[in-house]
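Undergrad: A structural model of the following input is requested.
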Amino acid sequence: MKSTFSILNVVIACSAGLVVLLGYFIPALANIREILLQWAVILAGFALLAGVINLLSVHFKKIGKGKIGGIYSLILILSFIAAVILFGVNGPDGSWSMLLFNSVSVPVESTLMALLTVVLAYAAIRSLRKGVSWYSILFLVTAILVLLGLAPIYGLGEIPALKELREWINGVPIVAGARGILIGVALGSIAAGLRILMGVDRPYSG
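TA: Model (predicted):
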């Protein structure tokens, strides 16, 4: 019986994936593709809801058992409830919602970016301590130039040559690296999708 259900899962998953894929090329399957995509959105919504419920239940249990760090679980739960109520009543673009976003999310993101800058500088220094190479020197020089171009210290960011160099670094090597990462993610997603369509990987089976 378990083997029968496993085969049925593979057939359903492969059929749905092939219909969605072929729906982009065969107009007759476009309506079915849209229906399957709408079902996928609904399932994703329920999956998100299940994830939130699981997250809250884990932190409720941590508070109930008196584990170390329970105060952080309490803060998370209260913050979640307050954010849901505030955004539900005031709307995502309301004044109070934007105040919460600008007072919490923006400072947290800025702090993480500042920590990332320090970590990158520390990584560059450690790479130089292990051994001087053209890669470590290039990494350190690039990081310094970008930081000097962005930091408003004594007007260094307004020096024409430095500003043009920073814009070139941001526009050419950084964009090329980001696009390379996106292409790699796309190829990996295609490979994973093909393995699922062929029944090699079965993440949907228990």
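Undergrad: Could you point out the helix or strand that follows the helix or strand bottoming out on mean pLDDT in the chain?
TA: Ranking every helix and strand in the chain by mean pLDDT, DSSP states H and E puts helix 134-150 at the bottom, with a mean of 71. Of the helices and strands lying after helix 134-150 in sequence (DSSP states H and E), the nearest is helix 160-171.
Undergrad: ok now that next one, how far from the chain's centre?
TA: In terms of C-alpha atoms, centre = their mean, to the nearest Å, the centre of helix 160-171 is set 28 Å apart from its chain centre.
Undergrad: Do I have it right that L22 meets L29?
TA: Yes. Using C-beta atoms under 8 Å, L22 is in contact with L29, at 5.4 Å. (C-beta placed from N, C-alpha, C; glycine too.)
Undergrad: Of those two, give the one with the bigger neighbour count.
TA: L29 (17 against 14; other C-beta atoms under 10 Å).
Undergrad: Now the more buried one. Its backbone dihedrals?
TA: Backbone torsions of L29, given as degrees, to the nearest 10, read phi -100, psi 10.
Undergrad: measure it to L37 for me?
TA: When distance is defined by C-beta to C-beta, to the nearest Å, L29 is 12 Å away from L37.
Undergrad: before we move on, what about L18?
TA: For L18 relative to L37 (C-beta to C-beta), the value is 14 Å.
Undergrad: likewise F80?
TA: From F80 over to L37 (counting by C-beta to C-beta), the distance is 29 Å.
Undergrad: cool, and S127?
TA: 46 Å.
Undergrad: Alright, that wraps it up for me.
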